[in-house]
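*Asks:* Okay, sequence plus prediction incoming.
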Amino acid sequence: MISLEQVRALESRVEKAVALIASLRSENASMRSGLAAAESRVAELEGLVADFQKDQARIEAGIVEALRKLDSFEDAVHDATDAKQAQIVAKAVSEEAPAVAADPAEAGPVPEPVMEESADASEEDGGVEAASAGAEASASQDGALDIF
């Protein structure tokens, strides 16, 4: 037969099992609520990421548009600068040409006309005189050589 001590030991084990089950149920409930909070936070963060990506796309589009406008502005300034420089050069040339023609004494020495030598003479001199004559002819009024 079953003794009283065996019944008490069984009762003690059952009480411990019931307490353990209650503790595990409580822990399970707290974990479920923590999971729900974490899932809620994940959904919130995913929404923030989506908003961030939309904002990022708008920012990138704004930067591209700003760069396009800046490029257009740069082209306009470059074109205006080129046109202004062309006007300045044209004005300087038009002012310089009449001044040179009006006062030949201030214009400086007039280069002598280059006389072409015959092919026989340039071969005899080794082509040195012909080369120096060609270089003098290609020199511009400011003294720089015009090689093109």
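*Replies:* Cool, got the structure.
*Asks:* need the longest helix for this protein.
*Replies:* Ranked by residue count and defined by DSSP state H, the top helix of the chain is helix 4-102.
*Asks:* Let me see the mean pLDDT of that helix.
*Replies:* Per-residue confidence for helix 4-102 averages out to 91 on the pLDDT scale.
*Asks:* In terms of secondary structure, what does that helix contact?
*Replies:* Helices and strands touching helix 4-102, by 3 or more Cβ pairs under 8 Å, 6 or more residues apart in numbering; DSSP states H and E: there are none. Heads up, the C-betas are built off the backbone N, CA and C, glycines and all.
*Asks:* Residue 9 - how many residues pack around it?
*Replies:* Residue crowding around residue 9 was assessed by other Cβ atoms under 10 Å; the count is 11.
*Asks:* And residue 94, by the same measure?
*Replies:* Burial of residue 94, expressed as a neighbour count using other Cβ under 10 Å, amounts to 10.
*Asks:* And it, how close does it get to residue 88?
*Replies:* Taken as Cβ to Cβ, to the nearest Å, the spacing of residue 94 relative to residue 88 amounts to 11 Å.
*Asks:* before we move on, what about residue 63?
*Replies:* Applying Cβ to Cβ to residue 63 and residue 88 gives a distance of 36 Å.
*Asks:* With residue 32 instead?
*Replies:* Using Cβ to Cβ, we find residue 32 at a distance of 82 Å from residue 88.
*Asks:* Just the buried positions in stretch 60-72, please.
*Replies:* Neighbour-count burial for stretch 60-72, counted by 16 or more other Cβ atoms under 10 Å, picks out no residue.
*Asks:* Could you do stretch 43-51 as well?
*Replies:* Under the neighbour-count criterion of 16+ other Cβ under 10 Å, stretch 43-51 has nothing buried.
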